[in-house]
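1. What shape does this take:
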Amino acid sequence: MLERIRVMGVAGAIAAVAVLAGCGSGGSPSTQPTAAGGGGAAAGGGATVSVSDNAELGKILVDSRGMTLYLFEKDDAADESYCNGACAKEWPPLTTNGAPQAGPGVSGKLTTFKRDDGTTQVAYDGHPLYYFAHDASPGDVNGNGSTAFGAEWYAITPDGKPAEGSEGGEEGSSTTTSGGGYSY
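-> Numbering: from 1, shown residues only. The predicted model follows:
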């Protein structure tokens, strides 16, 4: 009898863990970059963009968790991204399931457009927004000044311009494209 109670207790604990794991973080998968560790979803489902004062770059745009947002200089239209496939794995787009929300300090225009994969990406003053997969914590700007996938990447300032205060945030990093991929 005691053995049966132990088995039932273990089975119940496993079921509870499975249920909790299925609940997730509350954010939509499309609002959370796969490698950057951030997310942009506000309570209403729309990604939130705010301004943060970065020690290296000054005022830059961030998501609701403080993760740095970047622009890709190859993107020349607010309704199109030139970062797909392998590029989007290294530079995950800021996507949303609702209207993007302007957080503190944001005065520019937030818009959205459909990506090739069907998700909705957020743009700021005509610049599609991205994360950098190697930014692990709020305030990291490891991708700033990087060259990858055919153009340069910069954190974006509240006035919609590249934050050019730092060239390649990772110690000794130099990013280049090699066969369409990403390398250090």
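
2. Find me the pLDDT at the closest residue to Leu129 other than its chain neighbours, would you?
-> Distance criterion Cβ to Cβ, 6 or more residues apart in numbering; nearest residue to Leu129, sequence neighbours excluded, is Leu94 at 4.1 Å. (C-beta placed from N, C-alpha, C; glycine too.) Predicted confidence (pLDDT) for Leu94: 98.

3. Repeat that for Gln32.
-> Value for Gln32, per-residue pLDDT: 40.

4. Same question for the one 5 residues further on.
-> Among the per-residue scores, Gly37 holds a pLDDT of 36.

5. cool, Gly165 as well?
-> pLDDT, read off for Gly165, is 74.

6. need the contact list for it.
-> When contacts are counted by Cβ atoms under 8 Å, 6 or more residues apart in numbering, Gly165 touches 56-58, 144.

7. let's see it at 6 Å
-> Listed by Cβ atoms under 6 Å, 6 or more residues apart in numbering, the contact set of Gly165 reads Leu57.

8. Can you give me the distance of it to Glu73?
-> 16 Å (Cβ to Cβ, to the nearest Å).

9. From Leu61, how far off is Ala55?
-> Using Cβ to Cβ, Ala55 is found at 16 Å from Leu61.
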